[in-house]
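>>> Here is the input, now give the coordinates:
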Amino acid sequence: MAETAAERAHPRGRRGLGILCAVRRAWGYPLFYGLLFLFGLMSLAWSLTAALINPLLPRRIAGPLGRRAIGTGFRLYLDTLRACGVLRTDLSALDSLKDDGGLLICPNHPSILDAVLLISRVPDLVCIAKAPVYDNLLFGGGARMAGYIRNDAPNSLVKMAAQRVRAGRQLLIFPEGTRTERAPVNPLKGGFALIAKTAGVPVQTVFIEANTNFLGKGWPLFRKPEFPLVYTVRLGRRFDPPTDVRELVADVERHYRAEL
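Residues are numbered from 1 along each chain as shown. A predicted model of the protein is given here:
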């Protein structure tokens with residue numbers, strides 16, 4: 001930052017500015033770890049609660065309630081990050097998807113936060129979750145109650161996912177299969193296209209763009225980023241239900257690379 005004339009004339013002003021910057025940097029670390037701890041507490045509290053009440057509720061009530069609870073919790077957490085000045089987002093483009101019917105929502109996948117961003121904004125969103133999430137104390141109870149789909153059985157995954165979107169649900173799936181390792185996107189997996197073909201539903205591409213690689217592939221969980229984190233989400237092209245799985249995968253990947 002360029003030094004002002006007032007700062008050059010008043011050494012105390014320079015020292016004061018330096019102290020203020022140092023305080024801000026020092027405060028960033030406990031704030032960062034405190035917010036991570038808060039997310040863990042919120043997740044654990046709901047996971048344990050969901051594990052207790054899920055067996056007592058009919059499936060038609062448990063699933064929507066579980067998904068709404070997760071979406072509300074993520075939204076409150078993101079609001080807390082914004083209030084603390086560590087996060088800025090523009091997720092407004094997702095609002096146009098709320099009233100759409102059965103649909104695959106397919107974003108790129110730069111960081112662990114991607115699912116949190118989308119679930120916080122799109123109500124009643126069904127997800128495909130990795131098997132360790134189902135077995136995790138922090139998230140397992142909530143994922144099971146929400147009716148999220150395990151990804152460790154490909155045949156049943158495609159069948160269950162197709163059933164959900166044919167019934168009018170919106171399904172969140174990351175076509176890269178994992179977080180992006182080499183920009184702009186990894187080579188896409190074919191699972192999303194197979195689900196779209198089986199269910200006969202369109203594929204809505206979504207682009208997540210950020211000013212940081214925070215919690216991307218290779219970013220250690222306890223490595224503090226520079227704040228504020230800035231995330232912008234925009235909609236891409238909507239692809240019609242495919243007749244050829246490989247062709248759709250190639251078309252979507254070209255679209256990602258052109259837009260990112």
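
>>> contacts and neighbour counts: CA atoms only from here.
Fine.

>>> Select the longest strand from this structure.
The strand that spans the most residues within the chain, counting by DSSP state E, is strand 229-239.

>>> what about that one, distance to the chain center?
12 Å (Cα atoms, centre = their mean, to the nearest Å).

>>> going on from that strand, what's the next piece of helix or strand?
The C-terminal neighbour of strand 229-239 among helices and strands, as given by DSSP states H and E, is helix 245-259.

>>> what about residue 169, neighbour count?
Other residues within reach of residue 169, judged by other Cα atoms under 10 Å, total 19.

>>> now the one 5 residues further on
Other residues near residue 174 number 24, with proximity taken as other Cα under 10 Å.

>>> That one against residue 104, yeah?
No: Residue 174 is beyond contact range of residue 104, at 9.7 Å (criterion: Cα atoms under 8 Å).

>>> for residue 171, helix, strand, or coil?
Residue 171 carries the three-state label strand when classified by DSSP: H, G, I helix; E, B strand; the rest coil.

>>> Quick check: which ranges of the stretch 151-260 of the chain have low pLDDT?
Of all residues in the stretch 151-260 of the chain, none has pLDDT under 70.

>>> can we see that at 90?
Across the stretch 151-260 of the chain, residues meeting the criterion (pLDDT under 90) sit at 151-157, 182-183, 215, 218-227.

>>> ok, so what distance separates the closest residue to residue 212 other than its chain neighbours from residue 40?
Excluding the flanking residues, the one nearest residue 212 by Cα to Cα, 6 or more residues apart in numbering is residue 229, at 6.7 Å. Distance, residue 229 to residue 40, by Cα to Cα, to the nearest Å: 19 Å.

>>> Ok, residue 204 next?
31 Å.

>>> Between those two, tell me which one has more neighbours.
residue 204 (19 against 13).

>>> element containing that one?
In this structure, residue 204 sits in strand 203-210 according to DSSP H and E.

>>> shared neighbours of residue 174 and residue 104, which are they?
residue 192 (Cα atoms under 8 Å, 6 or more residues apart in numbering).

>>> residues in contact with the longest strand of the chain?
Contacts to strand 229-239, defined as Cα under 8 Å, 6+ apart, come from residues 86-94, 202-212, 255.

>>> So what's the predicted local confidence for residue 35?
As predicted, residue 35 sits at a pLDDT of 88.
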